[in-house]
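Student: Mind folding the following:
(one chain, ligands or ions: 1)
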Amino acid sequence: MIDLASVTKVFNEGTVNETTAVRNLNLTVREGDFVTVIGSNGAGKSTLLNLIAGSYAPSSGTISVNGKEVTKVPEYRRARYIGRIFQNPLLGTAGNMSLEDNMMISYRKGFKGLKISLNQKMRELFRRELKALDMGLEDRLENNVSLLSGGQRQALTLLMMVISKPSLILLDEHTAALDPRNAAKVLELTKRFITEYGLTAIMITHNMEYAIRYGNRLLMMDGGEIIFDIDGREKSSLTVDRLVVKFHELRNHDLASDRVLLS
Ligand SMILES: Nc1ncnc2c1ncn2[C@@H]1O[C@H](COP(=O)(O)OP(=O)(O)OP(=O)(O)O)[C@@H](O)[C@H]1O
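Tutor: Numbers count the residues shown, from 1 in each chain. Model (predicted):
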């Protein structure tokens, strides 16, 4: 589904602040993969998602989706099939609009311009979908989104993303700002939606346990490179301890003081 071939991203090239955020990276993500990505601060994880989404152009290398090169396709055009969620729960929804108006926007995007309007039937559908989130939102269709808690808002963002029918979703620490209970809830929802809607997903997390528990494939990044890429049985038998040892073997330095271990 996605192919990155020899992708490098250098920021501030030729200046004293030059940083190679992603270094000669090769990656193929297959359709239906749910890939978790971990790595130290500054490892290049967010840059990788930004390159796939088209927020940044690579300094060299190519990016293809379903066999078609998209390296120069602008972000707004890739957004037709890519859904993104960020750490900040305020980013995915419009706070000064009601839940139903927010959801309507996603429905229109999902129906690719087909004329649909907010009527009783749509409201019933929204109510059912919100009820399935199990966040107590089904009776709050007319409330402004700004009144929701961070967890409720991130769950709504997730629902809106899937009803806009993306084929690929990019999750950049989307539960990191939530308390543990809400984080666990939103993660379970994420997993359910990925399965139900047959999505391909890449999820950055600083929580090693989440990275192990969720998804069928795990990537570890360091210094702009993928240093560890496992799936299948090797992934399901992984433990946090083994992951830490693996990092040490591969990089010959510890992860001990890193945020990746503190979550
Ligand atoms: N827009 C930018 N301009 C300049 N440097 C950048 C930019 N974006 C990222 N970088 C640098 O590129 C490197 C990789 O950053 P990136 O945000 O991809 O890492 P990360 O693995 O997501 O880190 P974190 O876990 O801390 O969010 C870092 O050194 C960062 O400072």
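Student: Up against the ligand, what does this structure have?
Tutor: By CB under 6 Å from any ligand atom, the residues of the chain that approach the ligand are 11, 12, 19, 21, 39, 41, 42, 43, 44, 45, 46, 47. The way it works is simple: take the backbone N, C-alpha and C, and place the C-beta from them, glycine included.
Student: In JSON lines, list the residues you listed along with neighbour count and pLDDT.
Tutor: Formatted as JSON lines, these follow (neighbours: other CB atoms under 10 Å; pLDDT from 0 to 100):
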{"residue": "11", "neighbour count": "14", "pLDDT": "97"}
{"residue": "12", "neighbour count": "9", "pLDDT": "96"}
{"residue": "19", "neighbour count": "14", "pLDDT": "96"}
{"residue": "21", "neighbour count": "21", "pLDDT": "98"}
{"residue": "39", "neighbour count": "26", "pLDDT": "91"}
{"residue": "41", "neighbour count": "9", "pLDDT": "88"}
{"residue": "42", "neighbour count": "14", "pLDDT": "92"}
{"residue": "43", "neighbour count": "24", "pLDDT": "94"}
{"residue": "44", "neighbour count": "25", "pLDDT": "96"}
{"residue": "45", "neighbour count": "25", "pLDDT": "97"}
{"residue": "46", "neighbour count": "19", "pLDDT": "97"}
{"residue": "47", "neighbour count": "23", "pLDDT": "98"}
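Student: out of these, which are inside strands?
Tutor: Counting by DSSP state E, the residues of the chain next to the ligand place 11, 19, 21, 39 in strands.
Student: if you count residues, which helix in the chain comes out on top?
Tutor: The longest helix of the chain (DSSP state H) is helix 180-196.
Student: quick one: it to chain centroid distance?
Tutor: Computed by CA atoms, centre = their mean, to the nearest Å, the chain-centroid distance of helix 180-196 equals 12 Å.
Student: Now do the residue nearest to residue 70 when sequence neighbours are not counted against the ligand, distance only.
Tutor: Excluding the flanking residues, the one nearest residue 70 by CB to CB, 6 or more residues apart in numbering is residue 63, at 5.7 Å. Look at residue 63 and the ligand: by CB to the nearest ligand atom, to the nearest Å, they are 16 Å apart.
Student: Report all helices and strands that the host helix or strand of residue 63 contacts.
Tutor: Residue 63 is part of strand 60-65, with elements assigned from DSSP states H and E. On a contact count with 3 or more CB pairs under 8 Å, 6 or more residues apart in numbering; DSSP states H and E, strand 60-65 meets strand 2-11.
Student: now the strand it packs on against strand 60-65, angle please.
Tutor: Counting by axes from the mean of the first three to the mean of the last three CA atoms, to 10 degrees, strand 2-11 lies at 150 degrees to strand 60-65.
Student: on contacts alone, who are the packing partners of strand 2-11?
Tutor: Short answer (3+ CB pairs under 8 Å, 6+ apart): strand 2-11 packs on strand 19-29, helix 45-53, strand 60-65.
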